[in-house]
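*Asks:* Predicted model follows, preceded by the sequence.
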Protein chains: 2
Amino acid sequence: MANLNTGAPTQIDLGFHALADATRRAVIEKLHEGEAAATELAEPFDMALPSFMKHLRVLEAGGLISTRKEGRKRMCRLERAQLARLSGWINAYEAGWQNRLDRLDAFFKDGE
Amino acid sequence: MANLNTGAPTQIDLGFHALADATRRAVIEKLHEGEAAATELAEPFDMALPSFMKHLRVLEAGGLISTRKEGRKRMCRLERAQLARLSGWINAYEAGWQNRLDRLDAFFKDGE
DNA sequence: TTAAAACTTACCCAAATGGCTAAGTATGTT
DNA sequence: AACATACTTAGCCATTTGGGTAAGTTTTAA
């Protein structure tokens, strides 16, 4: 097997990376309640807005949220499919899941 | 709410961070087959051993593996409980899981 | 038409990450 | 005792990350 870290990071890399930060996880929790604008999401944090917007971009790059412009607001919504993929990766190798491995592998390969 | 990023990263931060890399995920996949020594795990990768050992330390810091010294070998084994916690975090907010939220929150707080 | 709101762009910075090499230590084999 | 195996430590380096400020732009409200 050659080096696995050739080229650009995958959606899985970026997805788990996005989850590896308390601020970003808090955004995900909030978005479970529904869509929200960027500033609205930023409000709880002691952080300059441009810094917070970087977190949103990391979440978007990881496929965990999608955003669209609505007037002057940037609306954000949760991408539950990516959450499912990531938790799916973790659980794919658990006892009793072996029979689902092939399906998951195929799913991941399609998405990259 | 104050800044969530005060102080040291939590086990959840470190756990997801450990998963955000293809090399480390490959190690986890391999360890599902059972314990293995560090060099044995390193063999598939085009990487110097000290570089690979850093990945093992990242996995250990994230609670995903535990290691022990056995003679001159460092044996590694998977910590399935942490995998369960991380996939648990992701699924805690899925539809139909709301009733398990309190239990999970308590579980996370105990472990930190 | 002016001003406020909600970003957005451009840049700076310190620390962490992920790779390397070179040299050391500890343990097992012959 | 000598050598090989399996790490281990130490340090170097480029890039990424996660924060910041300052100064735009675009849209909405007054």
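*Replies:* Everything's here; your move.
*Asks:* Could you tell me which residues of chain A lie near DNA strand C?
*Replies:* Counting by CB under 7 Å from any atom of the strand, the residues of chain A close to DNA strand C are A:5, A:37, A:38, A:39, A:40, A:49, A:50, A:53, A:69, A:72, A:73, A:74. From N, CA and C alone the C-beta is placed, and that goes for glycine too.
*Asks:* Give the PyMOL command for selecting the buried subset of those.
*Replies:* A single PyMOL command is used to select the members of those judged buried by 16 or more other CB atoms under 10 Å in any protein chain shown:
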select buried, chain A and resi 37+38+53+74
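*Asks:* For DNA strand D, tell me which of the residues of chain A next to DNA strand C show up nearby.
*Replies:* Restricting the residues of chain A next to DNA strand C to contacts with DNA strand D (CB under 7 Å from any atom of the strand) yields A:50, A:69, A:72.
*Asks:* For these, give me TSV that also has secondary structure.
*Replies:* Shown next, in TSV, are those (DSSP: H, G, I helix; E, B strand; the rest coil):
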residue	secondary structure
A:50	helix
A:69	strand
A:72	coil
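*Asks:* Can I get those residues in JSON lines including pLDDT?
*Replies:* Shown next, in JSON lines, are these (pLDDT from 0 to 100):
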{"residue": "A:50", "pLDDT": "98"}
{"residue": "A:69", "pLDDT": "97"}
{"residue": "A:72", "pLDDT": "97"}
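*Asks:* with the residues you listed in mind, which one is nearest to residue B:23?
*Replies:* If you rank those by distance to residue B:23 using CB to CB, residue A:50 comes first, at 32.1 Å.
*Asks:* In JSON lines: the ones next to DNA strand D among the residues of chain A next to DNA strand C, plus distance to residue A:84.
*Replies:* Putting those into JSON lines (distance: CB to CB, whole Å) gives the following:
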{"residue": "A:50", "distance to residue A:84": "31"}
{"residue": "A:69", "distance to residue A:84": "27"}
{"residue": "A:72", "distance to residue A:84": "32"}
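*Asks:* Out of those, the closest to residue B:86 would be?
*Replies:* residue A:50 (29.6 Å).
*Asks:* I'd like to know how far that closest one sits from residue B:39.
*Replies:* 45 Å (CB to CB, to the nearest Å).
*Asks:* And for residue A:52, nearest residue in space, chain neighbours not counted?
*Replies:* residue A:42 (4.2 Å; CB to CB, 6 or more residues apart in numbering or on different chains).
*Asks:* show me the contacts for the one you found.
*Replies:* Counting by CB atoms under 8 Å, 6 or more residues apart in numbering or on different chains, residue A:42 touches A:49, A:52, A:53.
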